[in-house]
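Q: no sequence on hand, only this structure:
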């Protein structure tokens, strides 16, 4: 049963691993599943062939011969349910890990993506500077709450889980959206920054990162 | 095993059922599970007692004696996994329904909430009008894609599922964020508007709506 995932032919982040296929690659590497990629151009994403896989014309998608899936959170959950290593076996711990998956995508990611979008799309608007200050504070609020929860913990709850995997990829987006002269928001919360580094140090993360980077370099060639 | 959910003592939407406890109430009504509520003031949400239940100090939370959960998506999934009626039995259909849960919360909700937040927080800013036009178009893009997917379908995939439950609550937020003289975005997409009405016509939705409305009226009393 071959797993195929759809990815950017040429990622807008230039191989820094911030596109959402990185989450799926990392999950597949954590559980030791092989996969192949379908690189798609921006134009191909919006074509009917891809819309049939993804109603919103985005990446990643996932196919394994039995099911076609979209939404990185759903794909990571599907992988985690089908293989050991990404969710605790005990029922209430498993449920808590899934709660953190939703927290990463529904509570922590939106203010980070909103800030990133403003930095890309609103840079030349009159309102850019005053709005960015507000958006920075929205992100700080979430990072502060996360720092309180983390305390001395290594991971969000007990062992590394799919909740950590998604949370680390969400927080890593702040690396990209930092302008050189802007506030390094992650650095204001050292325990959160250290948590992200722990995630990035996992061998499965490195393998996933290298694979998407190689993909980007090949697409550019 | 008594289920307790945390809700707003006095919902900012004044009992219109747009707060996220509505999703959990609706899910519990669909599966016929009894529950009790813990009404919390805005100040209580940020106190340590509630932070222990919800690291981000929000509603809803869920406790059943075995597990304490936060994030409405995770709570609805937990309810759906524990009772028949909200997820298909067949494995790939079940996985697709879960993909729609993530799509509702990760892809459709953020532009709707961003637009709503702008209407509440940026009304007096110079940039309000030009930004709102951009935010409207972001929402239109998602609604248009959803309309294409829906086509002649009654629900997102086959039978009503937890994916529809979340999607309908997300889309319903547009009712609230419409200013009287602003564009009625949902009405520009009749098949999506009709889909929302089908959700609202379900008896379980009505029971959940009435319960939260009664809660609001009591809290105001």
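A: Ah, there it is. Nothing here was measured: the structure is a model prediction, and the numbers come from that model. Numbers count the residues shown, from 1 in each chain, chains lettered A, B, ... in the order given.

Q: and the residue sitting furthest away from the middle of chain A, which of the three is it?
A: Going by Cα atoms, centre = their mean, the residue of chain A most distant from its centre is residue A:126, 30.7 Å out. Using DSSP: H, G, I helix; E, B strand; the rest coil, the structure places residue A:126 in coil.

Q: cool, residue A:7 as well?
A: Residue A:7 is classified as strand under three-state DSSP.

Q: do you know how far the nearest residue to it once chain neighbours are set aside is from chain B?
A: In space, and not counting its chain neighbours, residue A:7 is closest to residue A:21: 4.2 Å by Cβ to Cβ, 6 or more residues apart in numbering or on different chains. Bear in mind the C-beta positions are built from the backbone N, C-alpha and C, glycine included. Applying Cβ to the nearest Cβ, to the nearest Å, the value for residue A:21 to chain B is 15 Å.

Q: quick revisit: run a quick check on the residue farthest from the centre of chain A versus residue B:125, I expect a contact.
A: No. The criterion here is Cβ atoms under 8 Å, and residue A:126 misses it with residue B:125 at 10.3 Å.

Q: flag the shaky bits of chain A, pLDDT-wise.
A: A:176-182, A:221 (pLDDT under 70).

Q: which part of it gets nearest to chain B, residue-wise?
A: Residue of chain A nearest chain B, by Cβ to the nearest Cβ: residue A:127 (3.4 Å).

Q: isn't that residue right next to residue B:128, touching?
A: No. Under the criterion of Cβ under 8 Å, residue A:127 makes no contact with residue B:128, lying 9.1 Å away.

Q: so between the two, which is more surrounded?
A: Counted by other Cβ atoms under 10 Å in any protein chain shown, residue A:127 and residue B:128 do not tie: residue A:127 has more neighbours, with 17 against 14.

Q: distance of the one residue sitting closest to the centre of chain A from residue B:141?
A: For chain A, residue A:169 is the residue whose C-alpha lies nearest the centre (Cα atoms, centre = their mean; 3.6 Å). In this view, residue A:169 and residue B:141 are 24 Å apart by Cβ to Cβ, to the nearest Å.

Q: let me know the secondary structure of residue A:27.
A: With three-state DSSP as the basis, residue A:27 sits in helix.

Q: and for it, the neighbour number?
A: Residue A:27 is flanked by 27 other residues according to other Cβ under 10 Å.

Q: quick one, helices of chain A?
A: A:21-31, A:42-45, A:48-51, A:72-82, A:91-102, A:109-121, A:128-150, A:162-177, A:190-200, A:203-220 (DSSP state H).

Q: look up how far residue A:27 lies from residue A:85.
A: Distance of residue A:85 to residue A:27, computed by Cβ to Cβ: 9 Å.

Q: domain map for chain A?
A: A:4-86+A:203-220, A:91-200 (automatic domain parsing).

Q: chain center to the longest one: distance?
A: Its chain's C-alpha centre and that of domain A:91-200 lie 10 Å apart, by Cα atoms, centre = their mean, to the nearest Å.

Q: what about that domain, how long is it end to end?
A: 27 Å (Cα to Cα, to the nearest Å).

Q: just stretch A:29-37 next, same as before
A: Here the two ends of stretch A:29-37 are set 14 Å apart, with distance taken as Cα to Cα.

Q: outside of that stretch, which residues touch it?
A: A:2-7, A:21, A:25, A:28, A:79-80, A:82-86, A:165, A:202-205, A:207-208, A:215 (Cβ atoms under 8 Å, 6 or more residues apart in numbering or on different chains).
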